[in-house]
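Peer 1: coords below, sequence missing:
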């Protein structure tokens, strides 16, 4: 099941990226693979969606970037969560909970 | 905090875009490399690993493009790159750019210059605090027109109206003033005590008038203007020594007003009014009135208030006559000053607007031609994924670049043009001094340029981007030079241009013919070789003093007659075309009908067959001779008519005809005392020709002339008919006056100056409209030429084929011209319809021609058709000369 995350709300992709950075700093490919992993393979984020999201979130101030060395000693751009980013993750998570609750209720109702 | 981060990102994107770009490039390539490694580790071959990696990435440039789209400031960045692209395009097509810029500069510059005149005169607030709360108050006379206010009526307005926080009456005059550094003729105003409060002005030195200054017998006080204080009182801060002699009285200067305040009309001195008491009659309309509205009162409310008072006076006053007010009204002061100038200025503004449209139409056609040439470029960009919006924005940006630069050039030209306009403007244009290029005018220019930009850009974009990109690409390399659709649009634009130009030139023609018709009117008097000399003696009450003044003038006239070259000397209380004469009602009365009491007088005024209305002029026999006003019947004043002889009068021809239609007025007696207080009967002894006192385009007014030596006056204008050069005459005259009385200054004007000033307004309109019309005609002709030439060049292959198939030069000519003529005739037809509809609006400004004058319409239509055909001639000739071999080879 490979659905494009871009069909999700933009906030959802942001939430997934922020979540995957909780564990620590990562470069773009790493974030993509991590999202794939934590969603059990359901969502594969293509670079065409990932990069714009990363740069947008960086401009918003939720993540910051720096150049570092990857596992194979290759130069890559790494991202880390900022304090406002952590707050944003909380916000997004709460919002997601509310939405899924509402939808669940709607589906149970006649 | 976050806002700062975002702002820093914005700045970084804008100014370090290259570094940001390199960074992104490195990041994406690193990502690609890591993907490739992943695939290698998974066991793929190097080529397969790379290919899979590229597939997953989706293309480095695509990803970079997607990132840059969401960047902060991306919008600005892409607009700037549009600008750079646009500038490069304009630079590469320099010919087109220069022509478009000059055309836009012309249109925008002319419109800005005209707007600065309209703004300065009609829109700019008066230079007083809250000036839109200052109202002018008028009586409304029996003909429904506004007129000045009588003393008692003003008192009623002041006491009964609740609409004003301050209200004042004022009159103005020009008198001789001495006691300062030199005697001068100065404009003065007589004002009531609240005058300065209406304008919220305080003297910068000294004090304002108080109520006690304005009563009969008060020690006369005077306020001076800043300019007068500096020029004639030496800017002395001590006013206690400053005294001015005006008339017979000595006035002490009690205050100096702030610089720049000279209301009404260049007044330098302000006297308290009513020093000799008020005029009792409610029909003596001596004063103008201004008032400042109370806070919260609207103009409409003030109007109702004043009108109610006016109508009450009309109904209850005992002085019932045609001269008693019927109503009263209120107008904002600025509007009352600029009322006359309003219509012509708005017509001129509309005309320049038309010129702008014609100029923009030319530029639109140029842009359209450019866009056709760029079809291929557009097709490629569309194929590469450019959104239509982006392409539209590109056209808008180029249009903005053209319009803003053209607009700047236009504003620069406007500075120069405004100086010319102000120089050309008639002297009686109100608020001439407030015309300049200021912030509101610049804002207007900016908005105008933007509107032109949006219009041109949207228009071009709509046409250029609607084409199918496949057609642009499919033509195998040959440049697409214009679809039939775009050709048709070009012709529609030209037809519209011709229509607008026709309307404009018809307007210019009508105004021009009006001016010619006005010049054909015979004024009724000499204009050339007349030098005028204004002399004002002090006003005196005593009849002996008045008689002495008459003797003074008699001596003056005799001595002026001696000046070499002077043939005739006369005197008058009012020159033609110089502001007009007072008018009033006279009674037809014989000696034994003179009533004993005031009530009997009033009763006589009620009898319609006893009264007449006329202008009142005090003159000498020499006046008629100097100005060449012919004697029709009877005689004019002579030696018999001395101070103690029976008073005589001479009347104008139209008065004789209208008031005594079946009788000979000679020998009849009239009483015209309400003009100068002298109740003695006047015997009509002569009839003279009519004169156009108010201007050639107003009918002559009935006039009664009385003899200066029988009805003395303190202020007169001497008229000298002389063959000698003006400077020598004025020098001699000035010397003579100084001999007779050194305290009285004289002011000289030449009558031709006065006469041409009266035509100034019409001339101004004709010159400007003519300029706009000719310019529009040239632009439209260029437009026709451009479209025809373009069409011929596009149809060259087709023409080649036709010629190869046997068409003769005549056939080709007919084909090309036929198409051109169709456009021209459609344009002319639309123009005629439009002109017929629009010239109705200017009917009141014309003289001697109707708004639908067939001669003008026909001539202009022919002119336009001729000009357009001329423009078609060259391209048509080129079409005839097409060599079929050459034409076909370029297939």
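Peer 2: That came in fine, so what should we check first? A quick note: this is a predicted structure, and the numbers were derived from the prediction, not measured.
Peer 1: and for residue 80, the neighbour number?
Peer 2: If you meant another chain, say so; for now it's chain A. For residue A:80, the neighbour count with other CB atoms under 10 Å in any protein chain shown is 13. C-beta here means a position set from N, CA and C on the backbone, and glycine is covered the same way.
Peer 1: not what I meant, chain B
Peer 2: Neighbour number of residue B:80 under other CB under 10 Å is 14.
Peer 1: for residue B:307, same thing?
Peer 2: Residue B:307, neighbours per other CB under 10 Å, totals 15.
Peer 1: that one contacts residue B:314, doesn't it?
Peer 2: No - with contact defined as CB atoms under 8 Å, residue B:307 does not reach residue B:314; the gap is 10.4 Å.
Peer 1: quick check: neighbours shared by those two?
Peer 2: Common contacts of residue B:307 and residue B:314 (CB atoms under 8 Å, 6 or more residues apart in numbering or on different chains): residue B:327.
Peer 1: mind checking how far the residue of the stretch 701-850 of chain B found nearest chain A is from residue B:442?
Peer 2: Distance from chain A to each residue of the stretch 701-850 of chain B (CB to the nearest CB) is smallest for residue B:794, at 44.2 Å. From residue B:794 over to residue B:442 the distance is 42 Å, taken as CB to CB, to the nearest Å.
Peer 1: looking at these two, which one has more neighbours?
Peer 2: residue B:794 (19 against 14).
Peer 1: pretty sure the more buried one is touching residue B:490, no?
Peer 2: No - using CB under 8 Å, residue B:794 is not in contact with residue B:490; the gap is 10.1 Å.
Peer 1: could you pull out the strands for the stretch 501-650 of chain B?
Peer 2: Ranges of strands in the stretch 501-650 of chain B, per DSSP state E, counting those that start in this stretch, are B:530-536, B:566-572, B:583-588, B:611-619, B:631-634, B:648-652.
Peer 1: residue B:11: which of those strands is closest?
Peer 2: strand B:530-536 (70.8 Å; CB to CB).
Peer 1: listing partners with orientation, what would you give for the closest one?
Peer 2: Partners of strand B:530-536 in the sheet, by DSSP bridges, are strand B:715-722 (antiparallel), strand B:746-750 (antiparallel).
Peer 1: what comes up buried for it?
Peer 2: B:530, B:531, B:532, B:533, B:534, B:535, B:536 (16 or more other CB atoms under 10 Å in any protein chain shown).
Peer 1: repeat that for stretch B:448-455.
Peer 2: Neighbour-count burial for stretch B:448-455 [16+ other CB under 10 Å]: B:448, B:449, B:452, B:453, B:455.
Peer 1: now do the helix or strand containing the last one, average pLDDT.
Peer 2: The secondary structure element spanning residue B:455 is helix B:439-464 (assigned by DSSP states H and E). The pLDDT scores in helix B:439-464 average 90.
Peer 1: stretch B:163-170 too?
Peer 2: Here the average pLDDT along stretch B:163-170 is 92.
Peer 1: and the contacts of it?
Peer 2: Counting by CB under 8 Å, 6+ apart, B:135, B:137, B:149, B:151, B:154, B:157-158, B:161, B:189-195, B:197-198, B:264, B:273, B:287-295, B:297, B:301-302, B:305-306, B:330 sit against stretch B:163-170.
Peer 1: how about stretch B:542-558?
Peer 2: With CB under 8 Å, 6+ apart as the criterion, stretch B:542-558 contacts B:535, B:537, B:540, B:569-571, B:620, B:622, B:643, B:708-709, B:712-714, B:716, B:718, B:736-737, B:740-741.
Peer 1: mind checking how far that stretch is from the chain centre?
Peer 2: Chain-centre distance of stretch B:542-558: 45 Å, with CA atoms, centre = their mean, to the nearest Å.
Peer 1: doesn't residue B:44 fall inside a helix?
Peer 2: No - applying DSSP: H, G, I helix; E, B strand; the rest coil, one finds residue B:44 to be coil, outside a helix.
Peer 1: show the end-to-end separation of stretch B:827-846, please.
Peer 2: Distance across stretch B:827-846, first residue to last, is 26 Å (CA to CA, to the nearest Å).
Peer 1: mind pulling up the pLDDT for residue B:807?
Peer 2: 80.
Peer 1: got it, and residue B:160?
Peer 2: 91.
Peer 1: report the secondary structure element holding the residue nearest to residue B:844 when sequence neighbours are not counted.
Peer 2: Nearest residue to residue B:844, sequence neighbours excluded (CB to CB, 6 or more residues apart in numbering or on different chains): residue B:343, at 7.0 Å. Using DSSP H and E, residue B:343 falls within helix B:333-373.
Peer 1: how about the contacts made by the most centrally placed residue in chain A?
Peer 2: By CA atoms, centre = their mean, chain A has its centre lying nearest to residue A:17, at 1.5 Å. Listed by CB under 8 Å, 6+ apart, the contact set of residue A:17 reads A:31, A:35, A:50, A:53, A:54, A:57, A:63.
Peer 1: show me the contacts for the residue in the stretch 501-650 of chain B that chain A sits nearest to.
Peer 2: The nearest approach of the stretch 501-650 of chain B to chain A comes at residue B:501, 53.9 Å away (CB to the nearest CB). Residues near residue B:501 by CB under 8 Å, 6+ apart: B:354, B:358, B:773, B:776, B:777, B:779, B:780, B:831, B:864.
Peer 1: buried residues in the lengthiest strand in chain B?
Peer 2: As assigned by DSSP state E, the longest strand anywhere in chain B is strand B:164-178. Judged by neighbour count (16+ other CB under 10 Å), strand B:164-178 contains these buried residues: B:164, B:166, B:167, B:168, B:169, B:170, B:171, B:172, B:175, B:176, B:177, B:178.
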